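Participant: Predicted model and sequence below, questions to follow.
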Amino acid sequence: MPEIAKVGVIGAGAMGNGIAHVSAAAGLPVVLVDVQQAALDKALATIGRNFDRQVKRGAATEADKQAALGRIATGTDQSLLADCDIVIEAATEREGLKVEILKALCAKLKPAAIIASNTSSISITKLAAATDRPGRFIGMHFFNPVPVMKLVEVIRGLATEEATTQAVLALAKRLGKTTAMAEDMPGFIVNRVLVPMINEAIVALHEGVGDIASIDAGLKLGANHPMGPLELADFIGLDVCLAVMEVLHEGLGDGKYRPCPLLRQYVAAGWYGRKTGRGFYDYAQDPPKPTR
Ligand SMILES: CC(=O)CC(=O)SCCNC(=O)CCNC(=O)[C@H](O)C(C)(C)COP(=O)(O)OP(=O)(O)OC[C@H]1O[C@@H](n2cnc3c(N)ncnc32)[C@H](O)[C@@H]1OP(=O)(O)O
Ligand SMILES: NC(=O)C1=CN([C@@H]2O[C@H](COP(=O)(O)OP(=O)(O)OC[C@H]3O[C@@H](n4cnc5c(N)ncnc54)[C@H](OP(=O)(O)O)[C@@H]3O)[C@@H](O)[C@H]2O)C=CC1
C-alpha cells in the first residue's frame, strides 16, 4: 500500500473542517467536499480561526496558517476527490445517507484509494459492504474538536486488509494523533461509554433530579470534566448523540441504552446544540443560557 500523500474529506461540518485542518497542518494536500458551498465557506473560516488560536499561542506562525490553508481545495463535486489516496467520510450520522455517499464515491476514486468513515457508531463492516472495496475500507474516528483531541479510534471491518490498517495508523501518526484499536461493535469504545453517560444526564434532567446548570456544574466541579455532560452534548450535536444511542439500543438490545425522550424532543425541535444555535443552552446569549 503506497504512503498516503493526498487526503479527501467529505462533509465540511463540525468534524470535517477539523480533519481537513490537521491534515493540511501536517503538510498534506487536502480536498474538502460538501453539498453546500456555504458549509465549505464556513469550514474554511473555522479553520482560519482555529489556526489563529494556535498562532496566538505561538504553536504556529502566520506563514504556517497561510501554507496550510493553501493546501486545502474545496468544492461540491465528488470528482474533485479522484486522485486522493484516502477519502475520510464525515457527513451527517445517518446510515442511509452514508451508504448513498459511499456508493457514489467509489466510481470516482482510483482503485487503490482507501475510504475511511469518521462515523460515531455505525457498523464499519456494514458501511464497507456498500462499497466496491471492503478490504480498503476502515473506521478512522476523530474526536471533537479535532485540532485539540489527541485520539483517533481505528476500527477494522470484517474485511479490512492489514495494509489498509497500517496505512491509516501511519496517517494518524503523521497527523500527530494517538490511535486506539476498537472492535467493530456499536459505539466502538469511547462512545459506548461516553454517550450513555450523556444520555443519563439528560434522563436526570428529564426526571427533575437537577437543572441544566446544576448537572453540568456537578460533573465539572465534582468530577473535573472540562465540560458538563449537557454542554458537551450541545458541543457534539444532539442529533449525533441521539444517533449513537439508537445504534447502541438497537445493536446491543439492552433497555439501558434507550434514548431519553427529552433528547428525542430536542432533536425533533431542531435544537441540535451549538450547530443550530440552541440545544440545552441558547447560544444567542453570552454566556449561553440554559433552555430549561
Ligand atoms: C461524538 C463522537 O463521535 C466522539 C466525540 O468527539 S465525543 C466528544 C469528545 N470531546 C470532548 O469531550 C471535549 C471536552 N471539552 C474539552 O476538552 C474542552 O472544553 C475544550 C478543549 C473543547 C476547550 O477547552 P477549554 O479549556 O474550555 O478552552 P480553551 O482553554 O479556550 O481551549 C483549550 C485549547 O483548545 C482550543 N479550542 C477550544 N475550543 C476549540 C474548538 N471548538 N475548536 C478548536 N480548538 C478549540 C483552544 O484554542 C485552546 O488551544 P490553544 O491552546 O492552541 O489555543
Ligand atoms: N460531532 C461530533 O462531536 C462528532 C461527530 N462524529 C461523526 O462525524 C460525522 C459528521 O458529524 P458532524 O461533523 O458533527 O456533522 P455536521 O452535521 O456538523 O456536518 C455534516 C456535514 O456533512 C454534510 N453533508 C450532508 N450530506 C452530504 C453529502 N451527500 N455529501 C457531502 N456532504 C454532505 C452536511 O451538509 P448539510 O448541513 O447541508 O446537510 C454537513 O455540512 C458523523 O458521522 C458523526 O457521527 C465523530 C466524532 C465526533
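Facilitator: Received, thanks. Ligands and ions are numbered 1, 2, ... in the order given.
Participant: Please make it C-alpha for all contacts and neighbour counts, starting now.
Facilitator: Fine.
Participant: Any regions of the stretch 1-150 of the chain where pLDDT drops low?
Facilitator: 1-2 (pLDDT under 70).
Participant: Near ligand 2, which residues of it are found?
Facilitator: Listed as neighbours of ligand 2 in the stretch 1-150 of the chain under the rule Cα under 6 Å from any ligand atom: 10-16, 33-36, 39, 90-93, 101, 118-120, 142-144.
Participant: Show me how to select, in ChimeraX, the buried members of those residues.
Facilitator: Under the burial definition 16 or more other Cα atoms under 10 Å, those of these that qualify are selected in ChimeraX by:
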select :10,11,12,13,14,15,16,33,34,39,90,91,92,93,101,118,119,120,142,143,144
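Participant: Of the residues of the stretch 1-150 of the chain next to ligand 2, which belong to helices?
Facilitator: 16, 39, 101 (DSSP state H).
Participant: Quick one: neighbours of residue 48, just the number.
Facilitator: Residues lying near residue 48 (other Cα atoms under 10 Å) number 16.
Participant: State the phi and psi torsions of it.
Facilitator: Backbone torsions of residue 48, given as degrees, to the nearest 10, read phi -60, psi -40.
Participant: Likewise for residue 61?
Facilitator: Note on residue 61: backbone dihedrals following degrees, to the nearest 10 are phi -110, psi 170.
Participant: From residue 149, how far out is the closest residue to it other than its chain neighbours?
Facilitator: In this structure, residue 61 finds its nearest non-sequential neighbour in residue 55, 5.2 Å apart by Cα to Cα, 6 or more residues apart in numbering. Going from residue 55 to residue 149 by Cα to Cα, to the nearest Å gives 18 Å.
Participant: ok, these two, which is more surrounded?
Facilitator: Using other Cα under 10 Å as the criterion, residue 55 and residue 149 rank with residue 55 on top: 16 against 12.
Participant: tell me which residues in the host helix or strand of that one are buried?
Facilitator: Taking DSSP states H and E as the criterion, residue 55 maps to helix 37-56. Using 16+ other Cα under 10 Å as the test for burial, helix 37-56 gives 39, 40, 42, 43, 44, 46, 47, 48, 50, 51, 52, 55.
Participant: Need the nearest residue in space to the second one, chain neighbours excluded.
Facilitator: Just to be clear, that refers to residue 40. Excluding the flanking residues, the one nearest residue 40 by Cα to Cα, 6+ apart is residue 12, at 5.8 Å.
Participant: Run through the strands of this structure in chain order.
Facilitator: 7-10, 30-33, 72-75, 86-89, 114-117, 137-142, 151-156, 178-182, 281-282, 289-290 (DSSP state E).
Participant: Give me the contact list for the last one.
Facilitator: Contacting residues not belonging to strand 289-290 are listed as 212, 213, 280, 281, 282, 283 [Cα atoms under 8 Å, 6 or more residues apart in numbering].
Participant: now the end-to-end length of stretch 153-166.
Facilitator: 13 Å.
Participant: pLDDT on it, on average?
Facilitator: Per-region confidence: stretch 153-166 scores 98 on mean pLDDT.
Participant: what about it, distance to the chain center?
Facilitator: Centre-to-centre, stretch 153-166 and its host chain are 18 Å apart (Cα atoms, centre = their mean, to the nearest Å).
Participant: is it up against ligand 1 anywhere?
Facilitator: No: remark: stretch 153-166 sits outside contact range of ligand 1, by Cα under 6 Å from any ligand atom, the gap being at least 9.4 Å.
Participant: which parts of that stretch are buried?
Facilitator: By 16+ other Cα under 10 Å, the buried positions in stretch 153-166 come out as 153, 154, 155, 156, 157, 158, 159, 160, 164, 165.
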